[in-house]
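Undergrad: Need a 3D model of the sequence below.
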Amino acid sequence: MVPTGLSNMKSGYFISFGLLFQLSGALYRQWIPDTNFNNVTNWDKERIPCKNDRVLFHQDKSLSIFMQSPLELMEMYLPLDGEFILTHGAGFAASDGQSVSGCERGEDITFKDPSQYKWYDPKYWYTALSMSDLENEKYLFILDEERVPCQYDDVIFRPETSFRVDLDSDIQNINVKTISLMNTTFASNEEFAEYMWSNTGKLQFQGNGSITVRNVKCEDKSGCDCGNFGNHRRICSNLQKESGSQCSELICTNPLKPLGHCCDICGAIIYLEYGPEFDLELYQAHLFESFLCLNKYQGVRTSVTKVYKKQSSKKTVLADAAPYIQIVFIDNETESATGKLAAALAQDVMEVITSQGDILGITNAELQESTNSEQQGGRTMNDGETVAMVAGVVIAVLLSGSLIFLIVSGRMRVNVPLCLIYLKNYFTFDHEVTIDNGFSNVIFGSLSNLPHDSNGICSGEQTINIVPYQSGTNIINPAFNEENC
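TA: As a prediction, this is how the structure comes out:
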């Protein structure tokens, strides 16, 4: 059962213009579930115990419970390891057994297992730009990996609530900026470690992970990555547990997979390379003022974050990956959206990057779009087609007009001397859609590297079919006339 607040999360989950500003400063992350006695979702009967009930707690489940009001009970069976935190005037009293409306016949009522709530489950966190936004339920759209606290974020457990959270993690340390609980904010790891050793701390936190309070801000003006890459698998697994798969069926023909997200999307992604002048916060402000505040784009959700992405020509590990700014555009109505509006916004953004990229500190940009059947006729040439064209030109030059090209059923038939087929071993391309869809330079081996038995093989020919490779598109755009909001 989802805790109170989750059921209506959808209605208030996006700020009005659907924008995420993953600022260099901290975001505010609020834990949603609690173990309060007076929360009806914590009981198997979906109600608070009444005076004639027999109240049951799982004997082997440790927990901390916050009591907000006095209560009469017939019987109560306590856990072996637990505590009650009582506000002023709260407490228990023995029931007199008299019948009251709605509680004429007492029954067994059991407190649910609180150990089900996991730190790395995005369902249990709200994210906002400020404490004021948290209070006003102005929550942000965020990619899945960043829906749990990042290393520069302020973590908040609501005052006057008890909780129990499972810290199981694939990495040892869970880094946060600060953590607030029980009306106390911890900005020192020494103080928080002392709290964790207290009886209440042990009852509130379980699992193999260890929270480290660093009180450190991101000092890089180009932004900092979230730091949750090591738990990506766990985050996606937690999202999928209840429904089997949280990914909705997509209707675009070439879905995209943003880095840090669990599901494919219909929309567009821009990857930015940048120089020392680039400032992430200034660029995010530029995006909002130039595009995201426009009425025509209010149906697009946007995420702007720093990620580390492998190079197209190397199978590198994350430590060797290069930093990029990833901008993700998704149509707001995910059930029926094709990604067309998101793609239109991405193209407008790319036009400004082309005309003003040097002013913004951007050195290169790559656009990837999901496609739909009605869009493919006007699609810009993709990387695979570009490679095929370059290879064809080079071979044509080498053969001085000895090739014959015939277009057959949308494919290119090429009569090629057999000796040139050996050159395929010297073409190296790496098409990882989720990593990079640029293309590597074609590298030719010298003729001396051909097999020894290839002498005279050029006298024969073989027909091969070349089919365009479907991938992302690098686009060079004209200037864009900005509209002011």
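Undergrad: And the helix or strand encompassing residue 285, what does it pack against?
TA: Using DSSP states H and E, the element containing residue 285 is helix 280-287. Here helix 280-287 touches strand 19-21, strand 300-309, strand 322-331, helix 340-360, going by 3 or more CB pairs under 8 Å, 6 or more residues apart in numbering; DSSP states H and E. To be clear about C-beta, it is placed using only N, CA and C from the backbone, and glycine gets the same treatment.
Undergrad: Only C-alpha atoms, please: export the longest one in PDB.
TA: Once side chains and other backbone atoms are set aside, the C-alpha atoms of helix 340-360 remain, and they are given as PDB (Å, rounded to 0.1, in the frame of the first residue of the first chain):
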ATOM      1  CA  LYS A 340       6.500  15.500 -31.700                       C
ATOM      2  CA  LEU A 341       6.100  18.600 -29.500                       C
ATOM      3  CA  ALA A 342       9.300  17.700 -27.500                       C
ATOM      4  CA  ALA A 343      11.200  17.200 -30.800                       C
ATOM      5  CA  ALA A 344      10.000  20.600 -32.100                       C
ATOM      6  CA  LEU A 345      11.300  22.300 -28.900                       C
ATOM      7  CA  ALA A 346      14.600  20.400 -29.200                       C
ATOM      8  CA  GLN A 347      15.100  21.600 -32.800                       C
ATOM      9  CA  ASP A 348      14.400  25.200 -31.700                       C
ATOM     10  CA  VAL A 349      17.000  24.800 -29.000                       C
ATOM     11  CA  MET A 350      19.500  23.400 -31.500                       C
ATOM     12  CA  GLU A 351      19.000  26.400 -33.800                       C
ATOM     13  CA  VAL A 352      20.000  28.800 -31.000                       C
ATOM     14  CA  ILE A 353      23.000  26.600 -30.100                       C
ATOM     15  CA  THR A 354      24.200  26.800 -33.700                       C
ATOM     16  CA  SER A 355      23.900  30.600 -33.900                       C
ATOM     17  CA  GLN A 356      24.900  31.400 -30.300                       C
ATOM     18  CA  GLY A 357      26.800  28.400 -29.000                       C
ATOM     19  CA  ASP A 358      30.100  30.200 -28.700                       C
ATOM     20  CA  ILE A 359      28.500  32.900 -26.600                       C
ATOM     21  CA  LEU A 360      26.900  30.300 -24.300                       C
END
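Undergrad: what comes up buried for that helix?
TA: Of the residues in helix 340-360, 340-354, 357, 360 count as buried by neighbour count, 16 or more other CB atoms under 10 Å.
Undergrad: now the third one
TA: Neighbour counts using 16+ other CB under 10 Å place 323-331 of strand 322-331 among the buried residues.
Undergrad: Using PDB, write down the CA coordinates of that strand.
TA: Presented in PDB, the C-alpha positions along strand 322-331 are these (Å, rounded to 0.1, in the frame of the first residue of the first chain):
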ATOM      1  CA  ALA A 322      33.500  12.400 -20.700                       C
ATOM      2  CA  PRO A 323      31.200  14.900 -19.100                       C
ATOM      3  CA  TYR A 324      28.200  16.100 -21.100                       C
ATOM      4  CA  ILE A 325      25.100  18.200 -20.400                       C
ATOM      5  CA  GLN A 326      22.100  16.000 -21.200                       C
ATOM      6  CA  ILE A 327      18.900  17.900 -22.100                       C
ATOM      7  CA  VAL A 328      15.800  15.600 -22.200                       C
ATOM      8  CA  PHE A 329      12.500  16.600 -23.800                       C
ATOM      9  CA  ILE A 330       9.400  14.500 -23.200                       C
ATOM     10  CA  ASP A 331       5.800  15.300 -24.100                       C
END
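Undergrad: Name all residues that make contact with residue 181.
TA: 156-157, 163, 204 (CB atoms under 8 Å, 6 or more residues apart in numbering).
Undergrad: which of those residues has the most neighbours?
TA: Counting neighbours by other CB atoms under 10 Å, residue 163 comes out on top of the contacts of residue 181 with 25 neighbours.
Undergrad: Kind regards, and thank you for your time.
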